[in-house]
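1. give me the fold of what follows.
(one chain, ligands or ions: 1)
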Amino acid sequence: MWHDNILGAIGNTPLVRINNVVEGLPCTVLGKVEFFNPGGSVKDRIGVTLIERAEKEGKIEPGGTIIEGTSGNTGAGLAIAAIAKGYKCIFTTTDKQSQEKVDVLRALGAEVLVCPTNVEPDDPRSYYSVARRLAEEIPNSVYLNQYDNSANPKAHVETTGPELWKQTEGRITHFIAGAGTGGTISGTSRYLKDQNEDIQVVGVDPMGSVFYKYFHEGVFDEDEIYPYFTEGVGEDILPENMDFDAVDDFVQVDDKSSMQMTRRLAREEGLFVGQSCGMAMAGAIQWLNDHSAELSEDDVVVVLLPDSGFRYLSKTYNDEWMKNHGFLESRPEVTADEVVK
Ligand code: PMP
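-> Coordinates of the predicted model:
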């Protein structure tokens, strides 16, 4: 048995019970472990659907160039799909992203332009603006715009949602995920709620992003936007793919809690995952504790874990980086003598 190319290996990622970091909760908590995808993240799922939508709409011809603004993971998914389908890729990203992510994109043959993080989205230097401009200038190229392109949530309606329904044999009661473009949470929610409208969907937002306040108060508050370190989640814009009607509640998590939970997932569960996984799990535990009176042992909660720890070795999994950012209290160094004792 084999796949025709690497695209056949996307999806059907495992669901793994979370045993230790959720101690004391009455329900079953499962992680949907997306680093098993070949490009290393949940965003492999949208790489193919975004390109196939552009082909169907006649926006790109064979040999053309795919252009996208990406924090890294969508780029990997697109690069893989582009290789299988014979396109070139140019990605714009921000200087906040891990070097590892940029290196992965270049390893997959893409050209990467790193743009400043702390400029307004409509600033000509922003990674959104640069991607748009390139698409206007380069012949036979298409800017896929994962933020507003409905082929993004469609991938989750067609894959992530059905997988969760099947893997839990319809027993899933809660789905909890972070949001960047909103494609994962909105698409997965749409499918799951079509099967059972009682399934609760909870979004998790990093502090500094706009979704939490917009969901609860309906206001887009520019004063609430500030830089944060958790990569791939939260926004300073409201993407069309973030469907607030598909979400029942939103919680907010600070960087320190996200980073520390990421490391706990590695050490206590053996799940070597990325920052937004720690954020989603920290948010899930917060929400489940707040609602524990309504929960029972029949509840099956799925938390989506988007990517791998390998992309954050120089950050969350580096003690110096953690200490320098105030995410890890300094520990006295353990000497060789003490280890021998
Ligand atoms: N986590 C990480 C690490 C990501 O790269 C992304 C995508 N930006 C997300 C979570 C959020 O996924 P979505 O864009 O589907 O909301």
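
2. can you tell me which residues in the stretch 101-250 of the chain are near the ligand?
-> Residues of the stretch 101-250 of the chain lying close to the ligand (C-beta under 6 Å from any ligand atom) are 178, 179, 180, 181, 182, 183, 184, 185, 231, 232, 233. (Each C-beta comes from the backbone N, C-alpha and C, glycine too.)

3. can you pull out the helices in the stretch 201-341 of the chain?
-> Taking DSSP state H, counting those that start in this stretch, the helices of the stretch 201-341 of the chain run over residues 211-217, 255-269, 275-290, 319-324, 336-340.

4. correction: the previous question concerned the stretch 51-200 of the chain.
-> Secondary structure of the stretch 51-200 of the chain (DSSP H, counting those that start in this stretch): helices at 73-85, 99-107, 127-137, 151-155, 161-167, 183-195.

5. format those helices as a markdown table; extra columns: mean pLDDT and distance to residue 24.
-> Listed next are those as a markdown table, based on pLDDT from 0 to 100; distance: least, C-beta to C-beta, whole Å:
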| stretch | mean pLDDT | distance to residue 24 |
| --- | --- | --- |
| helix 73-85 | 96 | 32 |
| helix 99-107 | 90 | 35 |
| helix 127-137 | 94 | 42 |
| helix 151-155 | 98 | 34 |
| helix 161-167 | 99 | 24 |
| helix 183-195 | 98 | 26 |
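
6. reformat the ones you listed as JSON lines; add mean neighbour count.
-> Output for the helices of the stretch 51-200 of the chain, formatted as JSON lines (neighbours: other C-beta atoms under 10 Å):
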{"stretch": "helix 73-85", "mean neighbour count": "25"}
{"stretch": "helix 99-107", "mean neighbour count": "17"}
{"stretch": "helix 127-137", "mean neighbour count": "17"}
{"stretch": "helix 151-155", "mean neighbour count": "25"}
{"stretch": "helix 161-167", "mean neighbour count": "19"}
{"stretch": "helix 183-195", "mean neighbour count": "25"}
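
7. which among the residues of the stretch 101-250 of the chain next to the ligand end up buried?
-> 178, 179, 180, 181, 182, 183, 184, 185, 231, 232, 233 (16 or more other C-beta atoms under 10 Å).

8. contacts only, for the last one.
-> Translated: residue 233. The contact partners of residue 233, by C-beta atoms under 8 Å, 6 or more residues apart in numbering, come to 178, 179, 180, 204, 205, 206, 209, 276, 279.

9. can you tell me how far the nearest residue to it once chain neighbours are set aside is from residue 208?
-> Closest residue to residue 233 apart from its sequence neighbours, by C-beta to C-beta, 6 or more residues apart in numbering: residue 178 at 3.9 Å. In this view, residue 178 and residue 208 are 13 Å apart by C-beta to C-beta, to the nearest Å.

10. how about residue 17?
-> 32 Å.

11. compare neighbour counts for the two and give me the winner.
-> More neighbours surround residue 208 than the other of residue 17 and residue 208, with 18 against 10 (other C-beta atoms under 10 Å).

12. how far is stretch 84-99 from where the chain is centred?
-> Chain-centre distance of stretch 84-99: 16 Å, with C-alpha atoms, centre = their mean, to the nearest Å.

13. equivalent analysis for stretch 129-148, please.
-> Centroid separation for stretch 129-148 versus its chain: 22 Å, with C-alpha atoms, centre = their mean.

14. swap in stretch 214-223?
-> Counting by C-alpha atoms, centre = their mean, stretch 214-223 comes out at 22 Å from the chain centroid.

15. state the distance from residue 209 to residue 227.
-> 10 Å.

16. these two: which has the busier surroundings?
-> Neighbour comparison, residue 209 and residue 227: the larger count goes to residue 209, with 23 against 10 (by other C-beta under 10 Å).

17. how about the spatially most central residue of the chain, nearest residue that isn't a chain neighbour?
-> Residue closest to the mean C-alpha point of the chain, counted by C-alpha atoms, centre = their mean, is residue 306 at 4.6 Å. Spatially, and ignoring its direct neighbours in sequence, residue 306 is nearest to residue 42 (4.5 Å; C-beta to C-beta, 6+ apart).

18. count the neighbours of that neighbour for me.
-> Other residues near residue 42 come to 32 when the count uses other C-beta under 10 Å.

19. can you list the buried ones among the residues of the stretch 101-250 of the chain next to the ligand in CSV and add distance to residue 60?
-> Listed next are those as CSV, based on distance: C-beta to C-beta, whole Å:
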residue, distance to residue 60
178, 30
179, 27
180, 24
181, 20
182, 24
183, 20
184, 24
185, 28
231, 28
232, 26
233, 29
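
20. sitting in strands, which of those residues do you find?
-> Of the positions in those, residue 178 sit in strands, assigned by DSSP state E.

21. about what we covered before: check the residue nearest to residue 306 and give its pLDDT.
-> Residue 42 is assigned 98 on the pLDDT scale.

22. contacting residues around it?
-> Residues counted as contacts of residue 42 (C-beta under 8 Å, 6+ apart) are 34, 73, 160, 184, 304, 306, 307.

23. cool, and residue 190?
-> Neighbouring residues of residue 190 by C-beta under 8 Å, 6+ apart: 153, 156, 157, 161, 243, 246.

24. how near is the first one to residue 160?
-> Residue 153 sits 10 Å away from residue 160, taking C-beta to C-beta as the criterion.
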